[in-house]
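> Below are the sequence and a predicted model for it; my questions follow.
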Amino acid sequence: MIRPVRRIAAVCALGAALAACGSAGGARPAPAESAAPASPSASRPPVLAPGPGGVTPVFEHGPRTLGKTVALTFDADMTADQGPRAAAGEHFDNPELIGTLRALKVPATVFVTGRWAEEYPTEASSLGHDPQFEVANHSYSDYAFTDDCYGLPTVSADRMRSDVERAYASLRKAGVPRPVPYFRFPGGCYDQRALRALNGVGITAVQWDVVSGDAFAADADAAAVARQVLDGVRPGSVVVMHCTRSAAPATERVVRTVVPELRRRGYRFVKVSELIGQSRGRP
């Protein structure tokens, strides 16, 4: 979900499609090795073991000592009530960005809301059938799972699990054959109640350790956003970016700057699944 944190402006702007403003409170369960539980993906990608009482585990970054790997992640945001805006011509997709990732041969993990998949089923299906990408769950509604999450509407505790399950159903209906068992909370906001509400779904909640600041950044800000990413990346990092033209128009330019520079520094781009696979049982 869009999180407008930028050193450029040093402000957290709010917008109609708000979101991911960093890790929100709640103790994080310690990663531990575990066989992958039942998940929406037939290929059973690696997941982290649940915490005490089966609480949903949270992943923020991979190991720091297993080489220079970095995962670029992109949130494809669209809330349940933004259909009229899309019908009026607002673009919640970003085909140019996906095309650039393909041209640069950068594997990536895309967190897609169910509503986005309904609006752009051809694009969702294309991502789901391309081995360069993995498609993960960003909820159906893009509504917050905690109160006071950057102005987002909220999902009640008794509907959190069904919202996630509905998103998987929408992804499959759009033509994504094997969505991975990873979930990103809208706004990046979660607490113990939200983690418990998703017990038994078989997912790992995926956060990040590098905020790109691409949300609401104009083209003129692209260089500063790229610098923020480059300054933040460490071995095993997960970078949060966005795949939404209307709210993050500079992201494609940022990617064209960041990718060659990180490769020059010796980094290898991987999907979140590879980092999670490396992380089970490691600090």
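Yep, that arrived. Just so we're clear, the structure is a prediction, and the values are computed from it rather than from any experiment. Residues are numbered from 1 along each chain as shown.
> In CSV, could you pull the C-alpha coordinates for the longest strand seen in the chain?
Secondary structure of the chain per DSSP state E: the longest strand is strand 69-76. The C-alpha trace of strand 69-76 is given here as CSV (Å, rounded to 0.1, in the frame of the first residue of the first chain):
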residue,chain,number,x,y,z
THR,A,69,21.1,-10.3,-2.4
VAL,A,70,18.2,-7.8,-2.6
ALA,A,71,14.5,-8.2,-3.3
LEU,A,72,12.6,-5.5,-5.0
THR,A,73,8.9,-5.6,-4.1
PHE,A,74,6.1,-3.7,-5.7
ASP,A,75,2.6,-3.0,-4.2
ALA,A,76,-0.2,-3.0,-6.8
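> got the residue ranges for the helices in the stretch 101-250 of the chain?
114-119, 121-128, 157-174, 192-197, 222-232 (DSSP state H, counting those that start in this stretch).
> Would you tell me which one of these is buried the most?
Most buried of those by mean neighbour count (mean count of other Cβ atoms under 10 Å) is helix 114-119; its value is a mean of 25. Where you see a C-beta, it was placed from the backbone N, CA and C, and this is true even at glycine.
> Off-centre distance for that helix?
15 Å (Cα atoms, centre = their mean, to the nearest Å).
> quick one on the thing from earlier: report the rounded mean pLDDT for the longest strand of the chain.
Strand 69-76 comes out with an average pLDDT of 98.
> OK, contacts around Leu171?
Contact analysis of Leu171 by Cβ atoms under 8 Å, 6 or more residues apart in numbering lists 112, 114, 117, 124, 128, 135, 137, 179.
> residues contacting the closest residue to the fifth one other than its chain neighbours?
Translated: Gly128. Nearest residue to Gly128, sequence neighbours excluded (Cβ to Cβ, 6 or more residues apart in numbering): Val176, at 3.2 Å. By Cβ under 8 Å, 6+ apart, the residues touching Val176 are 112, 117, 124-125, 127-128, 135.
> Of the residues you listed, which pair is most distant in space?
Greatest spatial distance among the contacts of Val176 (Cβ to Cβ): Val112 and Ser125, at 11.1 Å.
> which one is Glu118 nearest to, not counting chain neighbours?
Ser170 (5.6 Å).
> before we move on, what about Pro95?
Using Cβ to Cβ, 6+ apart, the nearest residue to Pro95 is Glu123, at 6.7 Å.
> surely Ala169 meets Gly114?
Yes. Taking contacts as Cβ atoms under 8 Å, Ala169 lies within contact range of Gly114: 7.3 Å.
> related to what we said a few turns ago, what's the closest of the contacts of Val176 to Ala217?
Out of these, the member with the shortest distance to Ala217 (by Cβ to Cβ) is Val112, at 21.2 Å.
> I'd like the distance from the nearest residue to the closest one once chain neighbours are set aside to Arg161, if you could.
Among residues not flanking Val112 along the chain, Ala76 sits closest, at 4.4 Å (Cβ to Cβ, 6+ apart). Distance, Ala76 to Arg161, by Cβ to Cβ, to the nearest Å: 21 Å.
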